[in-house]
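# Please work out how this folds:
(one chain, ligands or ions: 1)
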Amino acid sequence: MPTKETDLKAIWLEILTKVQESLSKVACEKWLLPVRPIRLDERTLELAAPNDFSKDWIKDRYIPILEDAVADVLGTPRSVELISLDLPTPSDEDQPEETRTPRKVQKAAKAARSQRGSQRAAKGETVEQPTLLGDEGAPPDAAALSLPKDEWQEEAAAGEANGRGSHKYPAPIAPGDASTLNPKYTFDTFVTGKSNQLAHAASISVAENPGHGYNPLFLYGGVGLGKTHLMHAIGHRILKNHPEMRVLYVSSEKFTNELINSIRDGHPEKFRDKYRTIDVLMVDDIQFLSGKTSTQEEFFHTFNALHDDNKQIILSSDRPPKEVEKLEERLRSRFEWGLITDIQAPDLETRIAILRKKAMVDNIEVPNDVMFAIANRIDTNIRELEGALTRVCAYASLTKQPVTTNVVSEALKDLFPTSSSKEITLEIIQEIVAAYFKLQVEDLHAKKRSRSIAFPRQIAMYLCRELTESSLPAIGQFFGGRDHTTVLHAYDKIKKEKETDEKLNQTINELIARIQKM
Ligand SMILES: Nc1ncnc2c1ncn2[C@@H]1O[C@H](COP(=O)(O)OP(=O)(O)OP(=O)(O)O)[C@@H](O)[C@H]1O
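The predicted structure is shown next:
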């Protein structure tokens with residue numbers, strides 16, 4: 001059975017007490033009190049010295065004394081090994097209270113002895129999840145930057161497995177530096193709809209008033225729905241308004257890797273210098289901190305330092321804080337201090353608007369029915385939606401064809417199969433609209449002007465213009481030989497009305513979905 005975390009601490013206190021019998025009080029306080037135990041197994045006790053100098057000093061002089069004390073306390077011999085953390089040596093006041101003086105060490109050791117049951121360790125059991133002396137009662141920073149070695153390795157391995165562990169030391173961020181932001185992700189290029197209105201409004205508010213409104217801002221939503229885009233947009237706006245500010249966007253994996261690497265490479269202060277001196281910290285995909293206890297610990301201190309200083313924190317996740325597993329309660333509750341807002345999958349209209357915006361930004365011409373056909377196929381992930389548009393355009397260009405709905409079917413058939421690949425025609429639109437309003441198709445052709453018929457007719461005209469490439473005269477012709485100005489009037493009227501009339505907007509979406517399913 002594994003020994004409890006607290007046992008390692010208690011054992012180390014006993015060893016220190018023992019060492020005092022053969023070492024001067026001064027030497028003990030100066031060299032051994034700052035040392036922290038990391039790992040204990042059947043053969044080895046691993047200790048972390050605060051820096052290289054102290055590691056070498058102890059190695060050269062005190063190993064035999066330490067090994068004797070270990071053998072005395074545990075009943076069987078162990079070799080003592082040392083690594084260096086390169087921490088700044090803590091002052092006496094920074095030390096955990098029980099290690100400030102040898103007398104207190106003795107007292108603490110005695111108290112710990114009475115509870116610990118360290119016989120199990122003495123029998124040679126491996127200490128699992130070793131904790132560092134000072135984790136309890138130590139100043140938060142010292143504890144935070146003293147990751148148990150096994151955890152560094154585990155968390156580093158996780159980061160490196162993702163191919164993102166290449167950073168050596170975190171470099172400080174300069175005021176006005178937008179290099180961590182994608183220049184394309186601005187509020188101008190962000191399309192709003194019902195699905196993201198609240199998140200967008202909250203983001204604008206934070207961008208205009210960093211550190212003094214919603215803090216933290218917590219954005220959550222499914223994959224590819226615009227969380228990162230909004231974060232970057234906030235960053236750009238803040239830097240535009242406050243070029244003197246330091247704005248940092250980072251993925252939670254990068255945060256983790258920088259922390260681990262900075263400690264492993266002996267430069268924990270670089271991590272802290274970077275993360276605690278910025279004005280706006282944005283951490284993406286915070287759900288990846290799940291289960292990474294040491295990173296959570298450091299993030300907790302980073303969060304507190306920034307928040308206490310009215311620095312803005314923005315977080316994103318694929319789920320709300322409550323649903324992030326293996327997240328420390330104190331972090332979860334801090335994530336809930338500010339504003340939590342979600343982004344939903346966009347409706348069809350928004351998807352079409354996003355494609356339109358992208359086509360405009362990329363300066364490509366894409367007919368409405370093509371936009372519609374793409375938006376209708378891909379209804380959750382905007383990254384995929386944009387990728388589909390690129391694919392369709394590339395396919396058309398490579399096969400030297402115009403961009404049509406046929407190209408959409410061809411280009412996307414494997415990646416995004418759809419139940420129907422039938423081309424949308426004026427007939428189909430008329431049939432569906434007539435059926436929806438419980439009319440006959442002939443009613444749409446006739447001269448009748450009663451609102452119950454004229455209104456569905458205008459909607460049908462609108463959809464014909466929106467979803468097909470037919471010209472205005474061709475559409476007019478198809479509605480009982482009407483003039484193209486009538487079609488244009490109907491189109492403009494419905495387009496305008498649906499902007500303010502939610503019911504009409506829903507009706508149109510429903511009709512579009514039905515037409516597409518034909
Ligand atoms: N409302 C929007 N308007 C314009 N583009 C958008 C919108 N929402 C998302 N996008 C675009 O979709 C792509 C994916 O968005 P983003 O990377 O922000 O998603 P995310 O929610 O952070 O995804 P993930 O969960 O994978 O991190 C980006 O290219 C982004 O510009």
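
# Contact partners for residue 376?
348, 418, 512, 513, 516 (C-beta atoms under 8 Å, 6 or more residues apart in numbering). C-beta here means a position set from N, CA and C on the backbone, and glycine is covered the same way.

# Equivalent analysis for residue 296, please.
289, 327, 328, 331.

# Quick check: chain neighbours aside, which residue is closest to residue 63?
Spatial nearest neighbour of residue 63, chain neighbours left out: residue 80 (5.6 Å); criterion: C-beta to C-beta, 6 or more residues apart in numbering.

# And for residue 415, the neighbour number?
Look at residue 415: counted by other C-beta atoms under 10 Å, it has 12 neighbours.

# before we move on, what SS does it have?
coil (DSSP: H, G, I helix; E, B strand; the rest coil).

# any idea which element residue 388 lies in?
Residue 388 is part of helix 382-398 when elements are defined by DSSP states H and E.

# Contact residues of the stretch 201-350 of the chain facing the ligand?
Within the stretch 201-350 of the chain, the positions near the ligand by C-beta under 6 Å from any ligand atom are 221, 223, 224, 225, 226, 227, 228, 229, 285, 318.

# Can you pull the phi/psi pair for the residue of the chain found nearest the ligand?
Going by C-beta to the nearest ligand atom, the ligand is nearest to residue 226 of the chain, at 2.6 Å. Backbone torsions for residue 226, taken as degrees, to the nearest 10, come to phi 110, psi 10.

# tell me which parts of the protein are close to the ligand?
Counting by C-beta under 6 Å from any ligand atom, the residues of the chain near the ligand are 185, 189-191, 196, 221, 223-229, 285, 318, 354, 357, 382-383, 386.

# run the last query once more with 5 Å
Applying C-beta under 5 Å from any ligand atom, we find that the chain lies next to the ligand at 190, 191, 223, 224, 225, 226, 227, 228, 229, 354, 382, 383.

# Tell me who's in contact with the spatially most central residue of the chain.
Here the mean C-alpha position of the chain is nearest to the C-alpha of residue 285 (C-alpha atoms, centre = their mean), at a distance of 1.5 Å. Residue 285 makes contact with 251, 252, 253, 316, 317, 318, according to C-beta under 8 Å, 6+ apart.

# Now do the closest residue to the first one other than its chain neighbours against residue 230, distance only.
If you skip the residues right next to it in sequence, residue 251 has residue 284 as its closest partner in space, 4.8 Å away by C-beta to C-beta, 6+ apart. Distance of residue 284 to residue 230, given as C-beta to C-beta, to the nearest Å: 11 Å.

# On the three-state scheme, residue 365 is what?
coil.

# give the contact list for the residue lying closest to it once chain neighbours are set aside.
Closest residue in space to residue 365, ignoring its immediate chain neighbours: residue 359 at 7.1 Å, by C-beta to C-beta, 6+ apart. By C-beta under 8 Å, 6+ apart, the residues touching residue 359 are 365, 366, 371, 389.

# Next one, pLDDT for residue 128 please.
Per-residue confidence (pLDDT) for residue 128: 32.

# cool, residue 40 as well?
Residue 40 is given a pLDDT of 83.

# next one: residue 393
Here the pLDDT value assigned to residue 393 is 92.

# list the contacts for the nearest residue to residue 273 once chain neighbours are set aside?
Spatial nearest neighbour of residue 273, excluding adjacent residues (C-beta to C-beta, 6+ apart): residue 172 at 5.6 Å. Counting by C-beta under 8 Å, 6+ apart, residue 172 touches 270, 273, 274, 277.

# which of the residues you listed count as buried?
By neighbour count, with 16 or more other C-beta atoms under 10 Å, these hold 270, 273, 274 as buried.

# about what we covered before: okay, now the residue of the chain closest to the ligand: neighbour count?
Count around residue 226 with other C-beta under 10 Å applied: 25.

# what's the spacing between it and residue 467?
Taken as C-beta to C-beta, the span from residue 226 to residue 467 is 25 Å.

# and residue 490, what element?
Assigned by DSSP H and E, residue 490 falls in helix 484-500.

# got the contact list for that helix?
Residues from elsewhere that reach helix 484-500 (C-beta under 8 Å, 6+ apart): 457-459, 461-462, 464-466, 471-473, 475-476, 479, 504-505, 508.

# 6 Å - rerun?
When contacts are defined by C-beta atoms under 6 Å, 6 or more residues apart in numbering, helix 484-500 is touched by residues 458, 459, 461, 462, 465, 472, 473, 475, 476, 504, 505, 508.

# Spatially nearest residue to the fifth one, not counting backbone neighbours?
Meaning residue 465. That would be residue 491: by C-beta to C-beta, 6+ apart, it lies 4.8 Å from residue 465.

# ditto for residue 436
Residue 436 sits nearest to residue 511 (C-beta to C-beta, 6+ apart), 6.0 Å away.

# Dump the helix or strand hosting the one you found to PDB, keeping only the CA atoms.
Taking DSSP H and E as the criterion, residue 511 maps to helix 502-517. Presented in PDB, the C-alpha positions along helix 502-517 are these (Å, rounded to 0.1, in the frame of the first residue of the first chain):
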ATOM      1  CA  GLU A 502     -37.900  37.100 -35.600                       C
ATOM      2  CA  LYS A 503     -40.900  35.100 -36.600                       C
ATOM      3  CA  LEU A 504     -40.400  35.700 -40.300                       C
ATOM      4  CA  ASN A 505     -36.700  34.900 -39.900                       C
ATOM      5  CA  GLN A 506     -37.600  31.600 -38.400                       C
ATOM      6  CA  THR A 507     -40.100  30.800 -41.100                       C
ATOM      7  CA  ILE A 508     -37.500  31.500 -43.700                       C
ATOM      8  CA  ASN A 509     -35.000  29.300 -42.000                       C
ATOM      9  CA  GLU A 510     -37.500  26.500 -41.800                       C
ATOM     10  CA  LEU A 511     -38.300  26.900 -45.500                       C
ATOM     11  CA  ILE A 512     -34.600  26.800 -46.400                       C
ATOM     12  CA  ALA A 513     -34.100  23.600 -44.400                       C
ATOM     13  CA  ARG A 514     -37.100  22.000 -46.100                       C
ATOM     14  CA  ILE A 515     -36.000  23.100 -49.600                       C
ATOM     15  CA  GLN A 516     -32.500  21.700 -48.900                       C
ATOM     16  CA  LYS A 517     -33.900  18.300 -47.800                       C
END
